[in-house]
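**Q** Show me the folded form of this:
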Amino acid sequence: MANCNEQNCTCPNKQCERHGKCCACINYHRDSESKVFCMRDNKK
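**A** So this is what the prediction gives:
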């Protein structure tokens, strides 16, 4: 599977096998009942 969203991925974990693969990332986090990085409230 290609990294279809590599340029827009906001996750800092660039070593993750799901980095830039939104569907894979969402499915992984849904299974672990956690939010994907781009959907967290990241106030700075």
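
**Q** what about Glu6, neighbour count?
**A** 11 (other CB atoms under 10 Å). No exception for glycine: its C-beta is placed from N, CA and C like everyone else's.

**Q** Which residues are in contact with it?
**A** His19, Gly20 (CB atoms under 8 Å, 6 or more residues apart in numbering).

**Q** Let's verify it: helix, strand, or coil?
**A** coil (DSSP: H, G, I helix; E, B strand; the rest coil).

**Q** can you tell me how far Cys38 sits from Arg18?
**A** 12 Å (CB to CB, to the nearest Å).

**Q** my bad, Ala24
**A** In terms of CB to CB, Ala24 sits 4 Å off from Arg18.

**Q** the more surrounded of the two?
**A** Comparing Ala24 with Arg18 by neighbour count (other CB under 10 Å), the higher total belongs to Arg18, at 19 against 16.

**Q** Fine, thanks again, bye for now.
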